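Asks: coords below, sequence missing:
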């Protein structure tokens, strides 16, 4: 995609601070640096979101993300790692090229995520499971 910023990074048309690359993925420092060492792992091939990944590309890019997460943990001496992947505007996606955030975490680092657990009863969970299973057909 001609106007995709991550495609431009993949092609070397704009500079980035790369930390890892292989045939399927490229990893570079996030300009937004939520915490020092915050890395983006993106597919080399333009895919809008998780729904465009085939099994091989999904495995390859998640393998790259695991490698990056291990390097970040070791190098940045983190207390934890958050791997975040967002899809669609309602899911917080802002760059519509598949990518994962590898975010170093520390106690009291100020990073938060609202998670309003609804805790439905077992019969509702069973009903929802049947609906989700129908999506595999």
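Replies: Structure received. Computed from a prediction, not measured in an experiment: that's the story for all the values here. Numbering: from 1, shown residues only.

Asks: residue farthest from the centroid of this structure?
Replies: For the chain, the C-alpha farthest from the mean C-alpha position belongs to residue 123; by CA atoms, centre = their mean, that distance is 32.4 Å.

Asks: For that residue, give its distance to residue 129.
Replies: For residue 123, the distance to residue 129 equals 11 Å [CB to CB, to the nearest Å]. (Each C-beta comes from the backbone N, C-alpha and C, glycine too.)

Asks: mind checking how far residue 68 is from residue 120?
Replies: 36 Å.

Asks: more neighbours, these two?
Replies: Applying other CB atoms under 10 Å to residue 68 and residue 120 shows that residue 68 carries more neighbours, namely 22 against 11.

Asks: which SS state does the more buried one fall under?
Replies: Of the three states, residue 68 takes helix according to DSSP: H, G, I helix; E, B strand; the rest coil.

Asks: so where does the residue nearest the centre of the chain fall, helix or strand?
Replies: Nearest residue to the geometric centre of the chain (CA atoms, centre = their mean): residue 100, 1.6 Å. In this structure, residue 100 sits in strand 99-105 according to DSSP states H and E.
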